[in-house]
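A.B. asks: Predicted model and sequence follow; I will ask about them next.
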Amino acid sequence: MDGLDDVAISTLKAANIGEDILPSLSREDIRDLFPGPEHFLRRKGIWRLTHKEEQEHIIPVEGSSADDKHTESSKQDDPSTSKFLKLPSPEYVLFTDSELQQMRRTYFEQQRLGKEGDITLSKELFCRLIRNTMTNMVSIARASSDDYKYPTKHEVIAMAKRLVEYYPMIKDKSTGSRHEWDTVAKKLLKRLSNIRSPMKAKQPPFKRARQDKEPSAAVASDYDADSSASTVILSSPSSSSTPRQENDSIDEASDGPDNSLDSQKTQARHYRTLQEMYKAKKPNKAAVTHLLDLEFQSRRSFIDSNVLKEQDKPTNILQAYPCFKELDHAMDELRRIIEPNNFKYISEVKDRWETFYSKVQFYGVMKKVMKPPRTLNGVEHAIAVFTALPLLFPSGSAAPKKQVPISEALFHVLTPSEDPDTYIHRRAFSSPVLLVGEENCMVVVGTTPVLTFDKDLLYEGPLYLLAYYYAFHLTYPKCLATLLSVLQTQVLRDVIHEQDETPSYKKAIHECRMFVD
């Protein structure tokens with residue numbers, strides 16, 4: 001107990017705490033032994049004395065992840081909980097998932113008991129950590145540069161130190177290593193050397209002539225909604241189906257703020273990085289999600305603008321953002337639009353849909369628009385409910401062709417002899433639809449097949465349709481306007497404009513609340 005004063009030594013001896021137990025004490029334990037503000041410096045001195053090694057390897061970091069904060073007790077056990085590595089430029093994010101976080105918590109729990117040596121990271125988890133960490137670093141490095149930039153060796157070593165600090169169970173324990181982060185740094189550098197650089201175009205980049213007239217609606221707005229001094233011009237559908245955002249196509253007004261221009265340049269780089277990632281066979285989902293978050297403002301300005309015709313939107317948007325062919329990214333876009341800060345939003349929506357789906361069956365039987373689904377399997381059950389939904393919440397508008405049932409605007413069951421492509425091009429509606437085949441189901445927007453999913457998930461089909469209505473900024477068909485508006489307010493919990501509150505919608509909401517409550 002060298003370095004401690006007489007009061008500290010006598011108190012520790014009275015509590016039967018020797019030098020072997022002292023390093024295992026947490027901040028809370030030390031506070032219990034020495035309570036009160038008068039012992040603040042003594043508590044601080046004991047902690048520093050018993051955790052010298054930990055203090056030597058801490059890398060200065062800034063920021064924290066709001067959705068990954070630990071409890072107060074875990075912060076006391078592990079003083080470094082930030083997932084951001086702050087370098088001069090850029091800021092890298094440590095990769096983590098539920099399994100890695102569980103292993104990390106287990107390590108610190110065992111550390112209290114002095115058994116942290118028994119905790120090791122499996123080869124699968126270690127490889128996943130190295131692979132996704134480097135993928136994220138490359139994506140962020142490229143997004144912060146006009147050129148195809150890669151993390152430097154200094155940045156890789158800094159990340160290796162930070163990973164070892166955040167995940168102490170991956171420290172290099174071999175006697176031949178100079179540093180405990182040597183192995184992690186070598187693995188990261190090897191992973192970096194295996195990443196191929198994308199091929200640059202041989203021809204000069206497309207340059208768009210300056211426009212002196214007022215910008216059209218097809219512009220990517222700045223993060224600051226109050227500033228309209230500078231805009232990023234997006235290519236029109238006639239010239240290109242993708243929202244190319246070149247640096248030379250940025251029109252800056254004479255009084256435009258520099259930070260507005262920099263923000264738009266950054267979003268343009270995010271978009272180009274996203275396009276490069278989708279040239280690979282299996283883009284990293286976490287990295288794609290991160291870039292979609294950063295590029296949200298520019299993307300929504302492009303999709304929500306009037307430059308794209310309703311019938312051309314699906315094709316143009318999917319060419320610009322092929323990530324929306326994946327259900328997870330489409331549902332994430334729904335969350336970003338309605339509740340961007342609620343990362344549990346999708347699970348909450350699915351819970352509300354489960355409740356709505358189960359109760360609407362009794363409502364349908366009571367209204368005599370469907371029979372009690374006692375002998376039906378899951379798919380037949382869902383089809384019976386989907387058939388009843390437009391009848392339970394009618395809009396007062398008939399289908400384009402009187403002989404076509406309104407439910408065809410929501411879903412269609414393909415017969416064994418029916419060709420999906422032929423049906424898609426001949427259907428009476430252009431709105432998103434669920435196609436139910438013999439083996440799986442499909443979401444079709446206009447004449448474009450977007451998503452294929454398992455038939456066991458058919459009952460969630462209306463949620464998928466709503467996700468694409470929002471992601472592609474599509475208008476509800478009149479014959480389904482009441483039904484989709486009810487789902488929008490009751491399941492998605494999104495507000496509806498007063499001008500859209502038709503008498504049929506108000507009546508449907510009144511009856512819906514009666515049977516749901």
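C.D. replies: Good, I have the coordinates.

A.B. asks: list the helices and strands the strand or helix carrying His154 packs on?
C.D. replies: Secondary structure from DSSP states H and E places His154 in helix 153-166. Using 3 or more Cβ pairs under 8 Å, 6 or more residues apart in numbering; DSSP states H and E, the elements in contact with helix 153-166 are strand 84-86, helix 123-143, helix 182-193. In short, each C-beta sits where N, CA and C put it, glycine included.

A.B. asks: Name the surrounding residues that touch stretch 180-198.
C.D. replies: Under the criterion Cβ atoms under 8 Å, 6 or more residues apart in numbering, residues 57, 130-131, 133-134, 138, 148, 150-151, 153, 156-157, 159-161, 163-164, 170-174, 177, 276, 279 lie in contact with stretch 180-198.

A.B. asks: What are the boundaries of the helices in the stretch 151-300 of the chain?
C.D. replies: Counting by DSSP state H, counting those that start in this stretch, the stretch 151-300 of the chain has helices at residues 153-166, 182-193, 258-277, 285-294, 296-304.

A.B. asks: Apart from its neighbours in sequence, what residue is nearest Val365?
C.D. replies: Distances taken as Cβ to Cβ, 6 or more residues apart in numbering place Pro372 nearest to Val365, at 5.6 Å, with adjacent residues excluded.

A.B. asks: The one you found: what secondary structure?
C.D. replies: Here Pro372 takes the coil state, with states given by DSSP: H, G, I helix; E, B strand; the rest coil.

A.B. asks: Counting neighbours, what do you get for it?
C.D. replies: 11 (other Cβ atoms under 10 Å).

A.B. asks: where does it sit relative to Phe356, distance-wise?
C.D. replies: For Pro372, the distance to Phe356 (Cβ to Cβ, to the nearest Å) stands at 18 Å.

A.B. asks: list the contacts for Tyr505?
C.D. replies: 481-482, 485-486, 496.

A.B. asks: in which helix or strand would I find the residue lying closest to Thr447 once chain neighbours are set aside?
C.D. replies: Once flanking residues are discounted, Thr447 sits nearest to Ile424: 5.2 Å by Cβ to Cβ, 6+ apart. Using DSSP H and E, Ile424 maps to helix 420-426.

A.B. asks: Who are the packing partners of that helix?
C.D. replies: strand 433-436.

A.B. asks: Can you pull out the residues in contact with the strand it packs on?
C.D. replies: The set of residues external to strand 433-436 that reach it, using Cβ under 8 Å, 6+ apart, is 379, 383, 386, 408-414, 420, 423-424, 427, 441-444, 455, 458, 461-462, 464-465.

A.B. asks: name the helices or strands packed onto whichever helix or strand comes after it?
C.D. replies: Heading C-terminal from strand 433-436, the first helix or strand you meet, by DSSP H and E, is strand 440-445. Here strand 440-445 touches strand 433-436, strand 448-454, helix 461-471, going by 3+ Cβ pairs under 8 Å, 6+ apart.

A.B. asks: The nearest residue to Arg336 once chain neighbours are set aside: neighbouring residues, count only.
C.D. replies: Distances taken as Cβ to Cβ, 6+ apart place Phe296 nearest to Arg336, at 5.7 Å, with adjacent residues excluded. By the criterion of other Cβ under 10 Å, Phe296 has 17 neighbours.

A.B. asks: any idea how far Phe296 is from Thr289?
C.D. replies: Counting by Cβ to Cβ - Phe296 and Thr289 are separated by 11 Å.

A.B. asks: Can you name the residues that contact the residue nearest the centre of the chain?
C.D. replies: The chain has Thr289 as the residue nearest its centroid, 4.5 Å off, counting by Cα atoms, centre = their mean. Applying Cβ under 8 Å, 6+ apart, we find Thr289 in contact with 329, 332.

A.B. asks: Look at it and report its pLDDT.
C.D. replies: Per-residue confidence (pLDDT) for Thr289: 90.

A.B. asks: Lys13 now?
C.D. replies: 84.

A.B. asks: How about Ser504?
C.D. replies: Confidence at Ser504, expressed as pLDDT, is 75.

A.B. asks: which residues sit in contact with it?
C.D. replies: Going by Cβ under 8 Å, 6+ apart, the list of residues near Ser504 reads 393-396, 482.

A.B. asks: ok but it is inside a helix, no?
C.D. replies: Yes: judged by three-state DSSP, Ser504 forms part of a helix.

A.B. asks: That one and Cys479: what is the separation?
C.D. replies: 11 Å.

A.B. asks: Angles on the backbone of Lys368, please.
C.D. replies: phi 60, psi 30 (degrees, to the nearest 10).

A.B. asks: I misspoke; the intended subject was Pro283.
C.D. replies: Torsion angles, degrees, to the nearest 10, at Pro283: phi -60, psi 150.

A.B. asks: which residues touch the closest residue to it other than its chain neighbours?
C.D. replies: Nearest non-adjacent residue to Pro283, counting by Cβ to Cβ, 6+ apart: Met277, 4.5 Å away. By Cβ under 8 Å, 6+ apart, Met277 lies in contact with 139, 283-284, 287-288, 291.

A.B. asks: switch the cut-off to 10 Å
C.D. replies: By Cβ atoms under 10 Å, 6 or more residues apart in numbering, the contact list for Met277 reads 135, 138-139, 142, 198, 283-284, 287-288, 291, 322-323.

A.B. asks: Sweet, I'm off.
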